[in-house]
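A.B. asks: Sequence below, structure please.
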Amino acid sequence: MKLLITNALIIPMTKEGLSLRGDIGIDGKHIVFVGTGNPSFTADRIIDGSSFLAMPSLVNAHTHLSMGLMRNYKDSLPTLHAWLAEIFPIEEKLTAEDVLLASRLGIIELIQSGCTMFTDMYFEPQSTAQAVIEGGIRGSIGVTLFGALEENKARVEESEKTLSPYLAQAEGRLTLNVAPHAIYTCTQETYQYAADWARQHGRVFHTHLSETKKEVDDCIAETGMTPPAYLAKIGVLQEVKSMLAHCVHLTEEDIKLLKTFDTTIVHNPSSNLKLSSGIAPIASYLNAGISVALGTDGASSNNNLNMFEEMHIASLLGRVVETSGEKTTPYQVLEMATKRGAEALGIGDQIGTLETGKEADLLLIDLKKSHLTPLNDPFSALVYAAQSSDVDTVFCQGKIVMEHRKVCTFDEGQVIEDVQRSWAEVLNR
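C.D. replies: Below you'll find the predicted structure:
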């Protein structure tokens, strides 16, 4: 199908400050032109974009999608570790069906906030993969590892077999990666195995790192090194594309070290604030030349999957915690939520910017809103003023997955009912 979006305000995210008024042509999965229209392009459908801003759809680079089941549950605990002590027993009760229903709900929430790609770290990955196929968006499914080596080898081998048919069905929208949970839940051998597997298969290595001061202090007490230094020492970060979630507590030496690897720090400001973990000084990381992407974390520690809210909070924090004079700019934060997330996952050649030849993952924002008037600087407007409710229409691989705020791939009311029932059953198990 050929689609033409006409006369939109386009933010292609290819160059800082670049915006243009023009057209976007989509033929099947791909963008065939951006800006100046092609007279020979005959569209099957034309969308009047004159009241919309078009931009790349967002990439949620770190989440636990089906943890939306535990949304608004055990919220007043003082630290991450106290919260995990309450969450882990609940997770032991979850079935594949629970994860499927919660994943469907999470995908609805992602689409409604303009996100068509997420990086997951959770159990029952086949259930999340099934929801991705149904929802029409993209997912990077992390095989989540806990504990000792042998059980994790078995988990990876089983996941490869189980997920193979889902990967084949997903038309390129699903990838499989490896995700050891954290240095305080996985052995050294598990980390080394995970990194080796990622290297051998050309996949991404995804883990939590330096999220809390306690994690850092405990690592120093046990190994004599900070968490990044420990992973480097055991050979985990070398020659692999890695995504390190949180990185709230890095030393200057850690920053210099991470710059030498192919790594992306994934900033999760809402979760870090809610769990009293701290504030990651992302302007310092960016200034040092480290790539930074953006994530929501799970909806039980956030408590939503709203990437527009995450951009807003990241922007504000990035302007108050730095002492070096470096401040984050709206464009940098938009890059974190689009281009940098795609690059971290190794698909920057497919999505993350609006360019000819890339796959058509984009969103249309309704500009006829009081809080977006006058628009003045569209980059500032997107980061400081826009709301997820301003997202009107969302495309993934050229297909419309939400139009005029209605998600096209799921019955939202039914999914909500299913999750309510599932959670009630979990609490009674």
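A.B. asks: what bridges to the residue nearest the centre of the chain?
C.D. replies: The residue lying closest to the centre of the chain (CA atoms, centre = their mean) is Asn60, at 1.6 Å. Asn60 has the following beta-bridge partners by DSSP bridges: Phe118.
A.B. asks: Looks like it contacts Phe118 (just checking).
C.D. replies: Yes. Taking CB atoms under 8 Å as the definition, Asn60 is a contact partner of Phe118 at 4.1 Å. For every residue, glycine as well, the C-beta is placed using N, CA and C.
A.B. asks: re earlier: I'd like the distance between the residue nearest to the centre of the chain and Ile400.
C.D. replies: For Asn60, the distance to Ile400 equals 20 Å [CB to CB, to the nearest Å].
A.B. asks: So Asn72: helix, strand or coil?
C.D. replies: Judged by DSSP: H, G, I helix; E, B strand; the rest coil, the three-state class of Asn72 is coil.
A.B. asks: so who does the residue nearest to it when sequence neighbours are not counted touch?
C.D. replies: Distance criterion CB to CB, 6 or more residues apart in numbering; nearest residue to Asn72, sequence neighbours excluded, is Asn303 at 5.7 Å. Neighbour list for Asn303: 71-72, 75, 274 [criterion: CB atoms under 8 Å, 6 or more residues apart in numbering].
A.B. asks: Which elements pack onto the helix or strand containing Asp217?
C.D. replies: If you go by DSSP states H and E, Asp217 is part of helix 213-223. Judged by 3 or more CB pairs under 8 Å, 6 or more residues apart in numbering; DSSP states H and E, helix 213-223 is in contact with helix 227-233.
A.B. asks: in the helix it packs on, what's buried?
C.D. replies: By 16 or more other CB atoms under 10 Å, the buried positions in helix 227-233 come out as 227-232.
A.B. asks: count of residues packed around Asp98?
C.D. replies: Here the number of neighbours of Asp98 (other CB atoms under 10 Å) works out to 23.
A.B. asks: hang on, it in a helix?
C.D. replies: Yes. Read with three-state DSSP, Asp98 is one of the residues of a helix.
A.B. asks: I figured it hits Gly68, correct?
C.D. replies: No. At 10.8 Å, Asp98 does not count as touching Gly68 under the criterion of CB under 8 Å.
A.B. asks: Need the residues touching each of Asn60 and Phe118.
C.D. replies: Leu110.
A.B. asks: so what pLDDT did the residue nearest to Asn72 get?
C.D. replies: pLDDT, Asn303: 96.
A.B. asks: give the contact list for Leu237.
C.D. replies: Contact analysis of Leu237 by CB under 8 Å, 6+ apart lists 195, 228, 231, 258, 261, 263.
A.B. asks: one more time with 7 Å
C.D. replies: By CB atoms under 7 Å, 6 or more residues apart in numbering, the residues touching Leu237 are 231, 261, 263.
A.B. asks: Let me see the backbone angles for Ile5.
C.D. replies: With angles defined as degrees, to the nearest 10, Ile5 sits at phi -100, psi 120.
A.B. asks: Is it bridged to anything, and to what?
C.D. replies: Ile24, Ile47.
A.B. asks: per-residue confidence for it?
C.D. replies: Ile5 is given a pLDDT of 98.
A.B. asks: Tell me how far it lies from Cys115.
C.D. replies: In terms of CB to CB, Ile5 sits 19 Å off from Cys115.
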